[in-house]
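**Q** Quick one: sequence and predicted model below, then my questions.
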Amino acid sequence: MPQKYAAGNWKMNGLVSDLTEVLEIDKGVAGLSCKTIICLPATLIYAADGDPRQHVEIGGQCCHSAPSGAHTGDVSAEMLFEAGATYVIVGHSERRADHGETDSDVRAQVGAAWRAGLVAILCIGETLEQREAGETLSVLMGQLDGSLPEGVTPEALIVAYEPVWAIGTGKVATPEQVAEVHDALREKLGPEISLLYGGSVKAANAAELFALTNVDGALVGGASLKAADFVPIVKALSDS
Ligand code: 13P
(Lines give C-alpha, C1' and ligand atoms only; values in the text may rest on other atoms or scores of the structure.)
Protein backbone atom coordinates (compact mmCIF):
# COMPACT_ATOMS: atom_id res chain seq x y z
CA MET A 1 0.00 0.00 0.00
CA PRO A 2 1.32 3.50 -0.79
CA GLN A 3 2.07 5.75 2.20
CA LYS A 4 -0.65 8.34 2.90
CA TYR A 5 0.47 11.98 3.07
CA ALA A 6 -1.26 15.21 4.02
CA ALA A 7 1.08 17.90 2.70
CA GLY A 8 0.64 21.64 3.13
CA ASN A 9 2.20 24.19 0.79
CA TRP A 10 2.43 27.58 2.44
CA LYS A 11 3.60 29.23 -0.82
CA MET A 12 4.86 32.81 -0.18
CA ASN A 13 3.04 33.10 3.15
CA GLY A 14 4.25 33.15 6.70
CA LEU A 15 6.65 34.91 9.06
CA VAL A 16 8.42 33.35 12.03
CA SER A 17 5.46 34.31 14.25
CA ASP A 18 3.22 32.06 12.12
CA LEU A 19 5.22 28.95 13.04
CA THR A 20 2.92 28.60 16.06
CA GLU A 21 0.42 27.19 13.52
CA VAL A 22 2.87 24.39 12.67
CA LEU A 23 3.05 23.54 16.37
CA GLU A 24 -0.77 23.55 16.57
CA ILE A 25 -0.91 21.24 13.55
CA ASP A 26 1.69 19.02 15.22
CA LYS A 27 -0.54 18.69 18.29
CA GLY A 28 -3.63 18.11 16.21
CA VAL A 29 -2.21 15.25 14.14
CA ALA A 30 -0.81 13.25 17.09
CA GLY A 31 -1.90 9.63 16.82
CA LEU A 32 -3.15 9.87 13.21
CA SER A 33 -2.16 7.16 10.76
CA CYS A 34 -0.85 9.29 7.87
CA LYS A 35 2.27 11.41 7.48
CA THR A 36 1.97 15.19 7.70
CA ILE A 37 4.31 17.56 5.88
CA ILE A 38 4.37 21.36 5.78
CA CYS A 39 6.35 22.92 2.91
CA LEU A 40 7.48 26.27 4.27
CA PRO A 41 9.02 29.33 2.61
CA ALA A 42 12.81 28.83 2.68
CA THR A 43 13.23 31.59 5.29
CA LEU A 44 11.20 29.64 7.86
CA ILE A 45 12.73 26.19 7.55
CA TYR A 46 15.68 26.72 9.83
CA ALA A 47 13.53 28.51 12.39
CA ALA A 48 11.02 25.65 12.36
CA ASP A 49 13.81 23.13 12.80
CA GLY A 50 14.43 24.39 16.34
CA ASP A 51 10.79 23.91 17.38
CA PRO A 52 9.69 20.90 19.45
CA ARG A 53 7.70 19.07 16.77
CA GLN A 54 6.97 15.36 17.01
CA HIS A 55 4.86 14.55 13.97
CA VAL A 56 4.97 17.22 11.28
CA GLU A 57 7.87 16.95 8.83
CA ILE A 58 9.16 20.00 6.94
CA GLY A 59 9.64 20.54 3.22
CA GLY A 60 10.86 23.26 0.87
CA GLN A 61 8.90 24.54 -2.15
CA CYS A 62 11.53 24.47 -4.92
CA CYS A 63 15.25 23.99 -5.36
CA HIS A 64 17.92 24.81 -7.90
CA SER A 65 19.47 21.83 -9.67
CA ALA A 66 23.06 22.78 -8.72
CA PRO A 67 24.45 22.22 -5.20
CA SER A 68 25.93 25.76 -5.09
CA GLY A 69 27.10 28.49 -7.43
CA ALA A 70 26.38 31.87 -8.97
CA HIS A 71 22.57 31.72 -8.96
CA THR A 72 21.39 34.84 -7.18
CA GLY A 73 18.24 34.30 -5.17
CA ASP A 74 18.12 30.54 -5.60
CA VAL A 75 18.27 27.86 -2.93
CA SER A 76 19.90 24.45 -3.39
CA ALA A 77 18.53 21.11 -2.24
CA GLU A 78 21.56 20.75 0.03
CA MET A 79 20.71 24.08 1.71
CA LEU A 80 17.12 22.96 2.30
CA PHE A 81 18.34 19.67 3.76
CA GLU A 82 20.81 21.38 6.06
CA ALA A 83 18.13 23.81 7.25
CA GLY A 84 15.93 20.89 8.29
CA ALA A 85 13.78 19.93 5.29
CA THR A 86 13.23 16.31 4.35
CA TYR A 87 10.95 16.96 1.35
CA VAL A 88 10.88 19.45 -1.50
CA ILE A 89 8.10 20.34 -3.95
CA VAL A 90 9.32 20.45 -7.56
CA GLY A 91 7.51 21.41 -10.74
CA HIS A 92 4.67 23.34 -9.11
CA SER A 93 2.61 25.08 -11.80
CA GLU A 94 3.29 28.44 -10.14
CA ARG A 95 7.05 27.85 -10.64
CA ARG A 96 6.44 26.75 -14.22
CA ALA A 97 4.33 29.89 -14.88
CA ASP A 98 6.24 32.49 -12.84
CA HIS A 99 9.79 31.26 -13.50
CA GLY A 100 9.48 29.48 -16.83
CA GLU A 101 10.53 26.12 -15.39
CA THR A 102 10.38 23.37 -18.02
CA ASP A 103 10.09 19.60 -17.66
CA SER A 104 13.84 19.25 -18.16
CA ASP A 105 14.51 21.85 -15.42
CA VAL A 106 12.16 19.91 -13.16
CA ARG A 107 13.92 16.65 -13.99
CA ALA A 108 17.24 18.17 -12.91
CA GLN A 109 15.61 19.43 -9.71
CA VAL A 110 14.26 15.95 -8.87
CA GLY A 111 17.82 14.66 -9.34
CA ALA A 112 19.12 17.44 -7.07
CA ALA A 113 16.56 16.58 -4.38
CA TRP A 114 17.67 12.96 -4.43
CA ARG A 115 21.37 13.94 -4.42
CA ALA A 116 20.75 15.94 -1.23
CA GLY A 117 18.69 13.21 0.45
CA LEU A 118 15.29 14.90 0.05
CA VAL A 119 12.04 13.25 -1.04
CA ALA A 120 10.76 14.99 -4.19
CA ILE A 121 7.07 15.93 -4.36
CA LEU A 122 6.65 16.25 -8.12
CA CYS A 123 3.66 18.34 -9.27
CA ILE A 124 1.97 17.85 -12.62
CA GLY A 125 -1.24 19.37 -13.95
CA GLU A 126 -3.15 20.47 -17.01
CA THR A 127 -4.56 23.90 -17.80
CA LEU A 128 -8.28 24.41 -18.43
CA GLU A 129 -7.55 24.90 -22.11
CA GLN A 130 -5.74 21.55 -22.27
CA ARG A 131 -8.58 19.79 -20.41
CA GLU A 132 -11.20 21.28 -22.72
CA ALA A 133 -9.16 20.13 -25.72
CA GLY A 134 -9.23 16.54 -24.37
CA GLU A 135 -5.48 16.57 -23.76
CA THR A 136 -5.42 16.00 -19.99
CA LEU A 137 -3.88 12.53 -19.87
CA SER A 138 -1.42 13.13 -22.69
CA VAL A 139 -0.22 16.38 -21.05
CA LEU A 140 0.25 14.67 -17.68
CA MET A 141 2.05 11.64 -19.10
CA GLY A 142 4.28 13.99 -21.11
CA GLN A 143 5.13 15.91 -17.93
CA LEU A 144 6.01 12.67 -16.15
CA ASP A 145 8.11 11.39 -19.03
CA GLY A 146 9.93 14.72 -19.27
CA SER A 147 10.54 15.29 -15.59
CA LEU A 148 11.30 11.93 -14.00
CA PRO A 149 14.92 10.76 -13.92
CA GLU A 150 15.85 7.07 -13.91
CA GLY A 151 15.72 5.32 -10.56
CA VAL A 152 12.29 6.29 -9.19
CA THR A 153 11.46 4.68 -5.84
CA PRO A 154 8.43 5.11 -3.55
CA GLU A 155 10.79 6.23 -0.76
CA ALA A 156 12.15 9.13 -2.85
CA LEU A 157 9.17 10.29 -4.95
CA ILE A 158 5.63 11.48 -4.32
CA VAL A 159 3.52 12.65 -7.27
CA ALA A 160 0.92 15.40 -6.85
CA TYR A 161 -1.78 15.89 -9.48
CA GLU A 162 -2.73 19.55 -9.37
CA PRO A 163 -5.01 20.73 -12.18
CA VAL A 164 -3.92 24.31 -12.81
CA TRP A 165 -7.55 25.47 -13.06
CA ALA A 166 -8.31 24.11 -9.57
CA ILE A 167 -5.45 25.84 -7.72
CA GLY A 168 -6.60 28.70 -5.53
CA THR A 169 -9.85 29.01 -7.47
CA GLY A 170 -12.24 27.16 -5.15
CA LYS A 171 -13.04 24.89 -8.13
CA VAL A 172 -12.10 21.41 -6.95
CA ALA A 173 -11.92 18.69 -9.61
CA THR A 174 -14.84 16.25 -9.43
CA PRO A 175 -14.22 12.78 -7.96
CA GLU A 176 -14.71 11.37 -11.49
CA GLN A 177 -12.04 13.69 -12.94
CA VAL A 178 -9.61 12.88 -10.12
CA ALA A 179 -10.25 9.13 -10.36
CA GLU A 180 -9.65 9.09 -14.11
CA VAL A 181 -6.26 10.78 -13.71
CA HIS A 182 -5.13 8.92 -10.59
CA ASP A 183 -6.06 5.53 -12.08
CA ALA A 184 -3.93 6.37 -15.13
CA LEU A 185 -1.04 7.53 -12.89
CA ARG A 186 -1.25 4.32 -10.86
CA GLU A 187 -1.11 2.28 -14.06
CA LYS A 188 1.98 4.19 -15.18
CA LEU A 189 3.87 4.50 -11.88
CA GLY A 190 3.06 1.15 -10.25
CA PRO A 191 1.43 0.16 -6.95
CA GLU A 192 3.72 1.87 -4.41
CA ILE A 193 4.19 5.53 -5.40
CA SER A 194 2.00 7.86 -3.33
CA LEU A 195 -0.38 9.92 -5.48
CA LEU A 196 -1.69 13.17 -3.98
CA TYR A 197 -4.43 15.44 -5.33
CA GLY A 198 -4.08 19.21 -5.02
CA GLY A 199 -6.34 22.12 -5.94
CA SER A 200 -8.85 23.77 -3.57
CA VAL A 201 -8.84 20.90 -1.08
CA LYS A 202 -10.79 21.84 2.06
CA ALA A 203 -12.20 19.93 5.03
CA ALA A 204 -15.59 19.95 3.27
CA ASN A 205 -14.40 18.08 0.14
CA ALA A 206 -11.46 16.06 1.51
CA ALA A 207 -13.26 12.86 2.58
CA GLU A 208 -14.87 12.43 -0.84
CA LEU A 209 -11.47 12.71 -2.55
CA PHE A 210 -9.70 10.43 -0.06
CA ALA A 211 -12.34 7.74 -0.61
CA LEU A 212 -11.04 7.26 -4.17
CA THR A 213 -8.91 4.11 -4.57
CA ASN A 214 -5.81 5.76 -5.99
CA VAL A 215 -5.78 8.99 -3.97
CA ASP A 216 -3.19 8.63 -1.21
CA GLY A 217 -3.48 12.14 0.19
CA ALA A 218 -3.50 15.81 -0.70
CA LEU A 219 -1.24 18.77 -1.37
CA VAL A 220 -3.06 21.69 0.21
CA GLY A 221 -2.38 25.40 -0.30
CA GLY A 222 -4.68 27.95 1.37
CA ALA A 223 -6.27 25.50 3.79
CA SER A 224 -2.87 24.47 5.21
CA LEU A 225 -2.04 27.88 6.68
CA LYS A 226 -4.16 27.46 9.80
CA ALA A 227 -4.31 24.41 12.05
CA ALA A 228 -8.09 24.84 12.37
CA ASP A 229 -8.45 24.31 8.60
CA PHE A 230 -5.68 21.76 8.02
CA VAL A 231 -6.04 19.33 10.94
CA PRO A 232 -9.57 18.24 9.86
CA ILE A 233 -8.16 17.44 6.39
CA VAL A 234 -5.40 15.31 7.94
CA LYS A 235 -8.04 13.56 10.12
CA ALA A 236 -10.17 12.84 7.04
CA LEU A 237 -7.13 11.23 5.41
CA SER A 238 -6.28 9.20 8.48
CA ASP A 239 -9.90 7.94 8.65
CA SER A 240 -10.04 7.03 4.95
P1 13P B 1 -4.96 25.64 -3.00
O2 13P B 1 -5.23 24.50 -2.03
O3 13P B 1 -4.85 26.96 -2.33
O4 13P B 1 -5.89 25.59 -4.16
O5 13P B 1 -3.47 25.37 -3.59
C6 13P B 1 -3.15 24.12 -4.09
C7 13P B 1 -1.71 24.07 -4.37
O8 13P B 1 -1.22 24.69 -5.30
C9 13P B 1 -0.86 23.26 -3.48
O10 13P B 1 0.42 23.11 -3.98
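**A** All right, it came through fine.
**Q** so residue 146 touches residue 105, yeah?
**A** No - the criterion here is Cβ atoms under 8 Å, and residue 146 misses it with residue 105 at 9.8 Å. From N, CA and C alone the C-beta is placed, and that goes for glycine too.
**Q** any idea of the mean pLDDT for stretch 160-179?
**A** The average pLDDT for stretch 160-179 rounds to 93.
**Q** just to revisit the earlier point, neighbour-wise, which of residue 146 and residue 105 wins?
**A** Comparing residue 146 with residue 105 by other Cβ atoms under 10 Å, the one with more neighbours is residue 105, at 18 against 15.
**Q** Excluding chain neighbours, what is closest to the more buried one?
**A** Nearest residue to residue 105, sequence neighbours excluded (Cβ to Cβ, 6 or more residues apart in numbering): residue 65, at 7.0 Å.
**Q** Look at the nearest residue to residue 210 once chain neighbours are set aside and report its pLDDT.
**A** Spatial nearest neighbour of residue 210, chain neighbours left out: residue 240 (3.7 Å); criterion: Cβ to Cβ, 6+ apart. Looking at residue 240, its pLDDT reads 95.
**Q** Same question for residue 50.
**A** 85.
**Q** residues touching it, list them.
**A** By Cβ atoms under 8 Å, 6 or more residues apart in numbering, no residues touch residue 50.
**Q** Might one say that the residue nearest to residue 210 is in contact with residue 208?
**A** No - between residue 240 and residue 208 there is no contact under Cβ under 8 Å: 9.9 Å.
**Q** Among the two, which residue is more densely surrounded?
**A** residue 240 (18 against 15).
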